[in-house]
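Q: the sequence and its predicted three-dimensional model are supplied below.
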Amino acid sequence: QVQLVESGGGLVQAGGSLRLSCTASGRTFSSSAMGWFRRAPGKEREFVAAITGIGVTYYSDSVRGRFTISRDNAKNTLYLQMNNLEPEDMAVYHCAGRRISFASARADQWDYWGQGTQVTVSS
């Protein structure tokens, strides 16, 4: 059974930083796309960032330049370094994985999901 477990969320002041981690088990994702989505209260799930099986990265316009997605294939772990956090970044952040190498900004095209980790940004 594939499991994605996020960690690293918490409370931070605006302008601060957090690093999220997502550890996968039950399947190796080294050649597969992985990504991060977020859902704020009352809003739709939103694409944040993704990395393909060959390491190409994609970001939403709202986080480009502030967030960095990376992966450690030896640890089967995905990361999201979030800098210069803004109150608008407050949400539950979910890790996602695909069976294939290509990434997508559409949540319905991802195959595996973690339960999420809360990020709270105080102004």
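A: Perfect, thanks for sending it. Numbers count the residues shown, from 1 in each chain.

Q: tell me, how many residues neighbour Val63?
A: Counted with other C-beta atoms under 10 Å, the neighbours of Val63 add up to 24. C-beta coordinates here come from the backbone N, C-alpha and C atoms, glycine included.

Q: which ones are touching the residue with the largest distance to the centre of the chain?
A: Using C-alpha atoms, centre = their mean, the residue of the chain lying farthest from its centre is Ser123. It sits 22.5 Å away. Contact analysis of Ser123 by C-beta atoms under 8 Å, 6 or more residues apart in numbering lists 14, 87.

Q: could you measure from it over to Gly15?
A: Distance from Ser123 to Gly15, counting by C-beta to C-beta, to the nearest Å: 10 Å.

Q: can I assume Gln81 is in contact with Ser17?
A: Yes: in this structure, Gln81 is within contact of Ser17 by C-beta atoms under 8 Å, at 7.2 Å.
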